[in-house]
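>>> Have a look; sequence and predicted model below, questions after that.
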Amino acid sequence: MKTVSLSASSQRTRQFRSWLPGLVCLFVLSVSAQATNVQVHCGAKYGITKINIALRLLDPQGPNTLTVSGTCKENILIRGFNRLTLISTTGAAINDASGGTGVVVDIEDSTDIVLQGFTISGGSSGVLCFDGSLCRFSGNTIEGSTNGGAWVNHSQATFSGDVFQDTGDPGLGIAEANVLASGVTVHRSLGDLPPAFVHVRIRQVSVTPSPV
């Protein structure tokens, strides 16, 4: 009787071991399929205090959300990401840290990137959507760049309720891109409307010329 019991127990153990890799695989897949939401508190003493640090923790395939508060002094590179949302519900700021030589938020070779509710200041440009990216901007204020406030180059982008002010030429620059801008305001910028030879649809745009 003991022999039979041990044999049955051993058989159950072998069966469990044979199922274990599959169970682990299913667990890993279920975790990786879940969205990740990371809190970024720029300027704080503890926790994740920079957007760039948070980006290094993420699976680039997403979906991922960074909820940002405070004032972030950094130049952000988003390259090779998919389904990434950066959102501020408290009016967080992203300020140039390059002395005007770099793009503040540089998005390259990425799809379904959302940037919502920020004040983005300084840099050579405030925002760049480049290299086949798909970018969605909403409710941001982009200001104080030495060149264009936002550039969309060989990519697709939407702008909704964004403000471009006190920038170089132009406030919103578009080259070889498909852009839909709704409720956008551009004022005190050297440039006005996007250059020719692009596919662009613009509606509800308020433009205030730069002072002469």
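Good, I have the coordinates. Numbers count the residues shown, from 1 in each chain.

>>> State the pLDDT value of the residue lying closest to residue 164 once chain neighbours are set aside.
Of all residues not flanking residue 164 in the chain, residue 171 sits nearest, at 3.6 Å (CB to CB, 6 or more residues apart in numbering). C-beta: built from backbone N, CA, C; applies to glycine. Note on residue 171: pLDDT of 81.

>>> Enumerate every residue touching residue 171.
Taking CB atoms under 8 Å, 6 or more residues apart in numbering, we find residue 171 in contact with 148, 149, 150, 164, 165, 186, 187, 189, 191, 192.

>>> Count the residues that sit near the first one.
Using other CB atoms under 10 Å, residue 148 is surrounded by 27 other residues.

>>> Can you give me the neighbour number for the residue nearest to it when sequence neighbours are not counted?
The spatially closest residue to residue 148, leaving aside those adjacent along the chain, is residue 173, at 3.9 Å (CB to CB, 6+ apart). Neighbour count for residue 173, taken as other CB under 10 Å: 25.

>>> Use 377 as the first number from now on
In the new numbering, first residue 377, that becomes residue 549.

>>> Residue 549 - that's part of a helix, no?
No. Using DSSP: H, G, I helix; E, B strand; the rest coil, the secondary structure at residue 549 is strand, not a helix.

>>> quick one: it and residue 505, what's the gap?
11 Å (CB to CB, to the nearest Å).

>>> any common contacting residues for these two?
What both residue 549 and residue 505 touch, as defined by CB under 8 Å, 6+ apart, is the set 526, 527, 528.

>>> which element is the second one on?
Okay, so that is residue 527. strand 526-529 (DSSP states H and E).

>>> what sits up against that strand?
Residues from elsewhere that reach strand 526-529, judged by CB under 8 Å, 6+ apart: 501-507, 511, 513, 518, 535, 538, 540, 547-553, 555.
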